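# coords please:
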Amino acid sequence: MSSDEATPRPSRLTAAAAVCAAEGLALVAGGLFMLVMGIAGDPDSSSAAETGGVTLALLGVIPLAAARGLLLRRAWSRGPAIITQLVALIPAWTLLRATGVLIPLGIVLAAVAVAGLVLLVNPATAQALGIGAAGARGGDSSL
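Residues are numbered from 1 along each chain as shown. Now for the predicted structure:
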């Protein structure tokens, strides 16, 4: 058993993986919904709805892969996870500038993205993934 497997996974890392997985599932679900509505519904442009749906569903694979990587403590997974959180702030800002029921949706999306960022840049997360000076030395800061 390696030292990574011997130490318990920090709860922050598990929470960051859960945030990424939830965002990925939301993207895939939204993409599939758009795709189905493009095929079976009556959109203004069925080809645009179908293309948008496929694109959204494929984009959902990125945070899902990052979530799996975080759970498996793969250092590469933090980059896509952070990028996902940063990109989520763009539609959150757009929703916050809208009117009506879209504003609370923007608040929720912004809160989830900021929480994900805080969890991902946490030193305990970096150490658990073996990133940075603490991870390279195995967490011993006395060197």
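# residue closest to the middle of the protein?
Residue closest to the average C-alpha location in the chain (C-alpha atoms, centre = their mean): residue 20, at 2.9 Å.
# just list the residues touching that residue, thanks.
63-64, 66-67, 70, 81, 84, 116 (C-beta atoms under 8 Å, 6 or more residues apart in numbering). Placement of C-beta: from N, CA and C, glycine included.
# buried ones from those residues, can you make that a ChimeraX selection?
Command for ChimeraX that selects the buried part of the contacts of residue 20, burial taken from 16 or more other C-beta atoms under 10 Å:
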select :63,64,66,67,70,81,84,116
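# from the contacts of residue 20, which ones fall inside strands?
Among the contacts of residue 20, no member is found in strands (DSSP state E).
# between the contacts of residue 20, which sits nearest residue 125?
Checking the contacts of residue 20 against residue 125 with C-beta to C-beta, the nearest one is residue 70 at 8.2 Å.
# just give me the neighbour total for the closest residue to that closest one other than its chain neighbours.
The shortest distance from residue 70 to any residue other than its chain neighbours is 3.9 Å, reached at residue 17 (C-beta to C-beta, 6 or more residues apart in numbering). By other C-beta atoms under 10 Å, 26 other residues sit near residue 17.
# give the contact list for residue 17.
By C-beta under 8 Å, 6+ apart, the residues touching residue 17 are 67-68, 70-71.
# hang on, the earlier thing: and the contacts of residue 20 as a markdown table, adding distance to residue 101?
Output for the contacts of residue 20, formatted as a markdown table (distance: C-beta to C-beta, whole Å):
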| residue | distance to residue 101 |
| --- | --- |
| 63 | 25 |
| 64 | 27 |
| 66 | 29 |
| 67 | 28 |
| 70 | 32 |
| 81 | 29 |
| 84 | 24 |
| 116 | 23 |
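# check the contacts of residue 20 and tell me the two furthest apart.
Largest separation among the contacts of residue 20 by C-beta to C-beta: 64 and 116, giving 13.8 Å.
# among the contacts of residue 20, which are located in helices?
Among the contacts of residue 20, the ones falling in helices (DSSP state H) are 63-64, 66-67, 70, 81, 84, 116.
# fine by me, thanks again.
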